[in-house]
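Colleague: Let's see this in three dimensions:
(4 chains)
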Amino acid sequence: MNSAPTTWRIARLVAAKDLRVEWHSRIATNQVLPFAAVTMVIFAFALDSDAVLQRVAPGLVWLATLFSVLVLVQRAFAVEAEDGALEATRVAGVDPRAIYLGKALALGLQLFVLEIVLLVAAVVLYAQSVPLEGALLLTATLISATCGLAAVGILYGGLTAGQSGRETLLPLLTLPAVAPVLIGATRATEAARGTAGAVVSDGWPWLGLLAVFAVAFGVGGALAFGPLIDE
Amino acid sequence: MTSTDSALAATPASPDESSRHGTGTKATRVLGVATIVSMGWLLVFGLGFSPADRDQEEAVRILYVHVPTIWVAYLGFAVTALCSGIYLFGKKKSLQLDRIAGASAEIAVAFVAVTLAVGAMWGRITWGVYWQWDARLTTTALLFVTYIGYLAVRRLGGSHEQRAKRSAVIGLIAVLEVPLVHWSVRLWRSLHQEATVLNPDDGVQIDGLMLFSLFVGVIAFTLLYAWLLLHRSRGMWMEDVLDDRGLDDALAARRAEAGGRPSPEPAGETS
Amino acid sequence: MIAFFDDAGFILGSYALTVGLVGLLSWRYVRRGSQLGQQIPDDEKPWR
Amino acid sequence: MDTESRSPVVRLDDAVAVLGGFPALAGASIEIDHGEILLLRGPNGAGKTTLLRLCAGLVPLARGAGEVLGHDLSTERESIRQRVGLLGHHNGLYLDLTVGENVRFWGSTVGADDREIAGAIERMGVGDRLVDVTVRRLSAGQRRRTALACLVARRAELWLLDEPHAGLDATARDDIDAILRAAARAGATVVVASHELERAGALATRTVDVVAGQINPAAGEATP
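Modeller: Predicted coordinates for the structure are as follows:
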């Protein structure tokens, strides 16, 4: 008999499983990605001014990301609920921390791809450009903001999974929690691309906030996930 | 004051009505009378004796209710966090801790709502607008929504133990969340001035009578918080008991249902 | 002068709002308490 | 190990379990020994499913006491779960993954190696052309066999099966019976809840009735 696998190994298995589900089903690719893109177009209708759009483009990118997080989290747990798999992982005694980390990792990777697409959309639709010296800040912002969003999303997604009213409870819990990510990521992105006279050095304190947020919620979420999904 | 009065009047025992009492006791009645007396003092001092401020003029009177309500709200959230922590990490899993945490959060949410509304009035006079995207205001608004979420999680259902564990975890996550939110909005809106009334070294002269009025307000609202907490946590205890009693009845019905059936070997029964 | 009355309205309004909302909450708690209390004998209540 | 093998695998004493306010189990008492194949029979809504879920450590014990595999049901549910396998109305599969991916995922979470996983797939007869088909395209019987392969790969000591024969054709039922007998011979304890009394009755070493959330020994059998 082999020894039980480590938490980290199970987390990788869970993440690989989630990505494989997406590979077979293509729900995120064929539905969530177009949804996010349409959101970007709709913002342009609402704001109706090239100058305003240019000014607020970083915020719109992150707002569209935030909406997509809610949809992707619902999807991540719909996959588990469809045939009672989340319950089966509980019966199997799989370490909940591993499930949490694995699902957050898979969500984070999907979000990362989505954010890249949204940034490209912003470049095309809102006439954005990123100077070379901002590229490092932008990349670091993308990574840490994504980790924070995934950490919060999976935590509350697991809590609301299978509950009545989950569609409304998830945003109620998630949106105030990720407000710091929205503020931080938007300001850092503005700094990276020099919106409204911002310079790259303005962005580093925000990056610090995003990193602390991601670590705090990553650790807190891993510890809290087990008690939250248990009956 | 009249509505609080009538509420208190309902509490004392009325022997002709029924022998079964509500959540009131001698302690809550003493607390309630003390609350009403101090609230009366607050009205007299806040609206009457205390002078107008040099800068804020009459608007400063709003702060005698505004500051105590937000103090009580933060006190309530702190109690919720404390009880959640003790419940999760303590040896003895007492549901009473969970009920106090829930009652405290409920009261605190109500007080944040009052604070935000009253604050908007104060802002309208002092700033000319109801709302400013200032760090403390924004944090308070997000805190409000966060704890509305906490109360929603409490209503998710399941056993009492499940509710207690789940809401204790969410209660502690909220504690993790609030400093992060505050940090982010502070960074975002670092332009705004610090608390003027509570910071005497800002050069703002605080009249002794003004400070006293504020003090009376804090006392009055803290007493009110204690009174509300006693009533609400006792109410929650009764809700839980009635819930358990409903289960007892259902259990008895279910067992009777089995007894009604012709069962060939009743020796295996254990009821 | 008008500004003063405007301010007075807000000041008195804020006191009225606070007292009103707090009173409403207190009234609801006490009423709920007595409703629930009707259904449970006194000797079971730990605070009596 | 010695004391554990002598003590019953499952011991419930007046166990109550609540499902959304309703006492689905209203004081169930039973002892199940090693290597038994126990049949639970009873009408719909009698509490069979909840009894299985309680033994799996999924549903909390509201009243009463219980032990599964030597672990207390009210305090050590985590330890129980790792050693039992539950096949409920749901199969616990990922419908968008293939048979092979499902079994591999469930097997590797408990540290089974490739050989064990391949063996489990082979034993359940979902190998060959089925292994690369997504579960969504499988028939009910094939899904059930895949789920059983996951249980085998997970090396459960106590198998809890809820209506394992439902919706299956005759061959699939025979297969499931053979799998369960083999599991019991290999030292596992099997609890089956079923409507199909003839079939399950032939399989079982003991039968009990579940009535209104309680357990009666079946007619014609000795009281344990």
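Colleague: For the stretch 51-200 of chain B, what lies in contact range of chain C?
Modeller: Residues of the stretch 51-200 of chain B found near chain C, taking Cβ under 8 Å from any Cβ of the partner chain as the criterion, are B:57-59, B:61-62, B:65-66, B:69, B:107, B:110, B:113-114, B:117-118, B:121-122, B:124-125. Bear in mind the C-beta positions are built from the backbone N, C-alpha and C, glycine included.
Colleague: Using the three-state scheme, assign B:T140.
Modeller: Here B:T140 is recorded as helix under DSSP: H, G, I helix; E, B strand; the rest coil.
Colleague: Let me know whether it touches B:A113 as I believe.
Modeller: No: B:T140 is beyond contact range of B:A113, at 10.4 Å (criterion: Cβ atoms under 8 Å).
Colleague: Looking at those two, which has the bigger crowd around it?
Modeller: B:T140 (21 against 16; other Cβ atoms under 10 Å in any protein chain shown).
Colleague: measure the more buried one to chain A for me?
Modeller: Distance of B:T140 to chain A, computed by Cβ to the nearest Cβ, to the nearest Å: 12 Å.
Colleague: contacting residues around that residue?
Modeller: B:I70, B:V112, B:T115, B:L116, B:G119 (Cβ atoms under 8 Å, 6 or more residues apart in numbering or on different chains).
Colleague: so can I have JSON lines of the residues you listed showing pLDDT, secondary structure and distance to D:G88?
Modeller: Shown next, in JSON lines, are these (pLDDT from 0 to 100; DSSP: H, G, I helix; E, B strand; the rest coil; distance: Cβ to Cβ, whole Å):
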{"residue": "B:I70", "pLDDT": "92", "secondary structure": "helix", "distance to D:G88": "50"}
{"residue": "B:V112", "pLDDT": "95", "secondary structure": "helix", "distance to D:G88": "44"}
{"residue": "B:T115", "pLDDT": "93", "secondary structure": "helix", "distance to D:G88": "49"}
{"residue": "B:L116", "pLDDT": "93", "secondary structure": "helix", "distance to D:G88": "47"}
{"residue": "B:G119", "pLDDT": "89", "secondary structure": "helix", "distance to D:G88": "53"}
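Colleague: can you tell me which two in those residues are farthest apart?
Modeller: Using Cβ to Cβ, these span at most 9.9 Å, a distance reached by B:V112 and B:G119.
Colleague: Quickly list what's touching both of the two.
Modeller: Contacts common to B:V112 and B:G119, judged by Cβ under 8 Å, 6+ apart, are B:I70, B:T140.
Colleague: gap between D:A202 and D:A24?
Modeller: Noted for D:A202: a distance of 28 Å to D:A24, by Cβ to Cβ, to the nearest Å.
Colleague: Comparing those two, which residue is more hemmed in?
Modeller: More crowded of D:A202 and D:A24, by other Cβ under 10 Å: D:A24, with 25 against 10.
Colleague: Now do the SS call for the more buried one.
Modeller: strand.
Colleague: Tell me the pLDDT of it.
Modeller: At D:A24, the pLDDT value in this model is 88.
Colleague: How about A:V52?
Modeller: 88.
Colleague: so it is in which element?
Modeller: helix A:50-81 (DSSP states H and E).
Colleague: what's the answer for D:D209, then?
Modeller: Applying DSSP H and E, one finds D:D209 within strand D:206-211.
Colleague: avg pLDDT for that strand?
Modeller: Averaged over strand D:206-211, pLDDT sits at 86.
Colleague: List the residue ranges of chain A that fall below the pLDDT cut-off.
Modeller: The model of chain A has pLDDT under 70 over residues A:1-3.
Colleague: one more time with 80
Modeller: Low-confidence segments of chain A, defined by pLDDT under 80: A:1-4, A:93, A:162, A:195-200, A:231.
Colleague: cool, and chain B?
Modeller: Using pLDDT under 80, the flagged stretches of chain B are B:1-19, B:46-60, B:157, B:189-208, B:257-271.
Colleague: quick one: the helices in it?
Modeller: Using DSSP state H, the helices found in chain B span residues B:2-10, B:26-43, B:60-89, B:95-126, B:135-154, B:160-188, B:208-260.
Colleague: Could you export these to CSV, including columns for distance to C:L24?
Modeller: Output for the helices of chain B, formatted as CSV (distance: least, Cβ to Cβ, whole Å):
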stretch, distance to C:L24
helix B:2-10, 6
helix B:26-43, 15
helix B:60-89, 14
helix B:95-126, 9
helix B:135-154, 17
helix B:160-188, 25
helix B:208-260, 12
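Colleague: out of these, which comes closest to A:L19?
Modeller: Using Cβ to Cβ, these put helix B:160-188 closest to A:L19, at 27.0 Å.
Colleague: Please point out which parts of the closest one sit buried.
Modeller: B:163-178, B:180-188 (16 or more other Cβ atoms under 10 Å in any protein chain shown).
Colleague: just stretch D:127-138 next, same as before
Modeller: In stretch D:127-138, counting by 16+ other Cβ under 10 Å, buried: D:G127, D:L130, D:V131, D:T134, D:V135, D:R136, D:L138.
Colleague: What distance do you get for the fourth one to D:R154?
Modeller: For D:T134, the distance to D:R154 equals 21 Å [Cβ to Cβ].
Colleague: Number of residues surrounding the nearest residue to D:E101 once chain neighbours are set aside?
Modeller: Excluding the flanking residues, the one nearest D:E101 by Cβ to Cβ, 6 or more residues apart in numbering or on different chains is A:R20, at 6.1 Å. Residue neighbour count, defined by other Cβ under 10 Å, stands at 17 for A:R20.
Colleague: what ranges do the strands span in chain D?
Modeller: D:10-19, D:22-32, D:37-41, D:63-68, D:71-72, D:84-87, D:158-162, D:189-193, D:206-211, D:214-217 (DSSP state E).
Colleague: for the second one, packing partners?
Modeller: With contacts defined as 3 or more Cβ pairs under 8 Å, 6 or more residues apart in numbering or on different chains; DSSP states H and E, strand D:22-32 has these neighbours: helix B:208-260, strand D:10-19, helix D:48-55, strand D:63-68, strand D:214-217.
Colleague: With distance to A:T6 and mean neighbour count as extra columns, can I get the ones you listed in a markdown table?
Modeller: Output for the helices and strands packed on strand D:22-32, formatted as a markdown table (distance: least, Cβ to Cβ, whole Å; neighbours: other Cβ atoms under 10 Å in any protein chain shown):
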| stretch | distance to A:T6 | mean neighbour count |
| --- | --- | --- |
| helix B:208-260 | 41 | 19 |
| strand D:10-19 | 31 | 21 |
| helix D:48-55 | 28 | 25 |
| strand D:63-68 | 26 | 20 |
| strand D:214-217 | 40 | 24 |
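Colleague: Any stretches of chain D with poor pLDDT?
Modeller: D:1-7, D:20-21, D:82, D:110-111, D:123-128, D:152-155, D:166-169, D:172, D:195-202, D:217-224.
Colleague: Just the closest residue of it to chain C, please.
Modeller: Residue nearest to chain C within chain D: D:G21 (17.1 Å; Cβ to the nearest Cβ).
Colleague: For chain B, what is the nearest residue in chain A?
Modeller: A:P180 (3.5 Å).
Colleague: quick one: that residue and A:L173, what's the gap?
Modeller: A:P180 sits at a distance of 15 Å from A:L173 (criterion: Cβ to Cβ).
Colleague: what about the residue nearest to A:P96 when sequence neighbours are not counted, neighbour count?
Modeller: Closest residue in space to A:P96, ignoring its immediate chain neighbours: A:G226 at 3.4 Å, by Cβ to Cβ, 6+ apart. A:G226 has 17 neighbours, counted by other Cβ under 10 Å.
Colleague: My guess is A:G226 contacts A:V94. True?
Modeller: No: A:G226 is beyond contact range of A:V94, at 10.3 Å (criterion: Cβ under 8 Å).
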